[in-house]
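*Asks:* sharing a model that was predicted from the sequence below.
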Amino acid sequence: MRYALLAYQHVEVRDRRPEEEQRRINSAVAEVLARPNVTGWLRLQDFESATTLRREQGRTLLTDGPFVDSKDFLGGLIVVEAENLDAALSVACELQELADTSAIEIRPVREEPLVGA
């Protein structure tokens, strides 16, 4: 089964980490990402670059910025192949320990095809 690990970062902390510490974290994360059971990953541009499209009262609205106002922002998405949730949690816990200022949301990936596609 595939799981998406949604990596959130705290806005106030993201730019305060010392450069040496960030290099250490990047190196350790790169080792996790190179594993065969990590099948994909995407890093997102900063949340300020987001554009949101939503429908309200029958009209389509386009706004600059993220969908929600939060101190945390989605920084990236990692896809892992895991036998079960516990195995996916193991990878997420390892990543969480590298940068304790982040949160990682784990979600199973829907494998069924889109109806009508």
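*Replies:* That came in fine, so what should we check first?

*Asks:* only C-alpha atoms, please: export the helix or strand bottoming out on mean pLDDT in the chain in PDB.
*Replies:* Least confident element among the helices and strands of the chain, by mean pLDDT, DSSP states H and E: strand 51-56 (a mean of 76). Presented in PDB, the C-alpha positions along strand 51-56 are these (Å, rounded to 0.1, in the frame of the first residue of the first chain):
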ATOM      1  CA  THR A  51      -2.900  30.500  -5.700                       C
ATOM      2  CA  THR A  52      -6.300  29.200  -4.500                       C
ATOM      3  CA  LEU A  53      -9.300  28.500  -6.600                       C
ATOM      4  CA  ARG A  54     -12.600  28.100  -4.800                       C
ATOM      5  CA  ARG A  55     -16.300  28.200  -5.500                       C
ATOM      6  CA  GLU A  56     -18.600  30.400  -3.400                       C
END
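
*Asks:* helices or strands next to the helix or strand just after that strand in the packing?
*Replies:* The helix or strand immediately downstream of strand 51-56 is strand 59-64, counting by DSSP states H and E. Counting contacts by 3 or more C-beta pairs under 8 Å, 6 or more residues apart in numbering; DSSP states H and E, strand 59-64 packs against strand 51-56. (C-beta placed from N, C-alpha, C; glycine too.)

*Asks:* thanks a lot, catch you later.
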